[in-house]
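Participant: pasting the structure only:
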């Protein structure tokens with residue numbers, strides 16, 4: 001059971017965000033991946049070990065610190081095949097909430113380097129992304145970035161339903177783009193968001209929309225965001241706070257009149 005405990009520490013360190021919270025998708029990914037390595041145990045037993053580790057390390061900083069010790073402990077205990085499989089698990093867990101953050105990329109790189117195992121090709125496909133938008137970063141990227149902030153930041157999960165809705169909203173703003181081009185815009189926004197969305201990055205996108213779109217279209221953006229906030233069936237206080245801030249920043253009222261057509 002010691003191996004299960006140590007792997008649970010490592011997997012939870014990958015799953016927990018800075019505040020030490022776990023999304024539902026991340027909890028399920030941790031348990032599923034651990035269970036695959038311990039087929040002699042039923043899933044409930046694996047879940048109990050996960051809960052024990054969560055109680056042992058109640059905050060994200062504590063479990064991340066313990067994880068670095070585990071990485072070195074397991075380095076000489078695991079076979080090359082086991083190390084490769086575990087690294088693939090960690091990559092799956094990092095992607096489970098729909099966004100791979102820079103801290104998650106860092107832990108993946110640390111494990112890979114310590115164990116002398118190459119990173120899975122799909123683990124960190126994007127390289128470093130500058131915080132400042134470049135010449136190829138346009139209005140649609142700003143829209144995608146704000147949609148991501150609202151979709152992911154409040155509950156730390158960017159679900160498939162939210163992803164599909166965001167893609168549909170982006171397509172409605174620029175219908176001349178094909179599916180591949182719209183997906184590329186979202187991926188660029190995900191890359192920058194994964195570097196660690198901060199207030200300056202959000203403010204830049206908010207200002208770009210304010211100074212580029214007329215009032216009616218800013219109202220349409222706000223209505224898009226309301227639909228994204230409700231996509232998971234739960235309207236959080238933090239989502240309402242962000243929408244209120246945007247209402248003031250853009251000088252619009254989402255409910256003043258109907259938006260121009262369905263978006």
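Facilitator: Done, it's in. Quantities reported herein were computed from a predicted structural model and do not represent experimental measurements.

Participant: Okay, buried residues for stretch 172-191 please.
Facilitator: Within stretch 172-191, the residues that count as buried by 16 or more other CB atoms under 10 Å are 173, 182, 185, 186, 188, 189, 190, 191. C-betas here are computed from N, CA, C, even on glycine.

Participant: Just send those back as TSV, with secondary structure too.
Facilitator: Shown next, in TSV, are the buried residues of stretch 172-191 (DSSP: H, G, I helix; E, B strand; the rest coil):
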residue	secondary structure
173	helix
182	helix
185	helix
186	helix
188	helix
189	helix
190	helix
191	helix
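
Participant: Would you mind putting those into CSV with pLDDT alongside?
Facilitator: As requested, the buried residues of stretch 172-191 are exported to CSV (pLDDT from 0 to 100):
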residue, pLDDT
173, 94
182, 94
185, 94
186, 94
188, 91
189, 92
190, 90
191, 87
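
Participant: Show me which of the residues you listed is closest to residue 119.
Facilitator: Distance to residue 119, by CB to CB, is smallest for residue 191 among these, at 16.2 Å.

Participant: Grab the most central residue of the protein for me.
Facilitator: residue 99 (2.5 Å; CA atoms, centre = their mean).

Participant: Enumerate every residue touching that one.
Facilitator: By CB atoms under 8 Å, 6 or more residues apart in numbering, the contact set of residue 99 is 148, 152, 158, 190, 193, 194.

Participant: That one and residue 201: what is the separation?
Facilitator: 14 Å (CB to CB, to the nearest Å).

Participant: What does the pLDDT read for the closest residue to residue 218 other than its chain neighbours?
Facilitator: In space, and not counting its chain neighbours, residue 218 is closest to residue 250: 4.4 Å by CB to CB, 6 or more residues apart in numbering. Model confidence at residue 250, given as pLDDT, is 94.

Participant: thinking again about what came up before, can I get the contacts of residue 99 in a markdown table with secondary structure and distance to residue 234?
Facilitator: Formatted as a markdown table, the contacts of residue 99 follow (DSSP: H, G, I helix; E, B strand; the rest coil; distance: CB to CB, whole Å):
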| residue | secondary structure | distance to residue 234 |
| --- | --- | --- |
| 148 | helix | 18 |
| 152 | helix | 14 |
| 158 | coil | 14 |
| 190 | helix | 22 |
| 193 | helix | 21 |
| 194 | helix | 23 |
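
Participant: Can you go through those residues and name the buried ones?
Facilitator: Buried subset of the contacts of residue 99 (neighbour count, 16+ other CB under 10 Å): 148, 152, 158, 190, 193, 194.

Participant: Can you spell out which helices and strands pack onto the helix-or-strand element of the chain with minimal mean pLDDT?
Facilitator: Scoring the helices and strands of the chain by mean pLDDT, DSSP states H and E places helix 24-37 at the bottom, with a mean of 84. Here helix 24-37 touches helix 2-15, helix 43-56, helix 80-95, going by 3 or more CB pairs under 8 Å, 6 or more residues apart in numbering; DSSP states H and E.

Participant: Can you tell me how far residue 94 is from residue 109?
Facilitator: Using CB to CB, residue 94 is found at 11 Å from residue 109.

Participant: Residue 37 too?
Facilitator: 22 Å.

Participant: For these two, work out which one has more neighbours and name it.
Facilitator: Taking neighbours as other CB atoms under 10 Å, residue 37 and residue 109 compare with residue 37 leading, 16 against 13.

Participant: Give me the spatial nearest neighbour of the more buried one, chain neighbours excluded.
Facilitator: residue 7 (6.6 Å).
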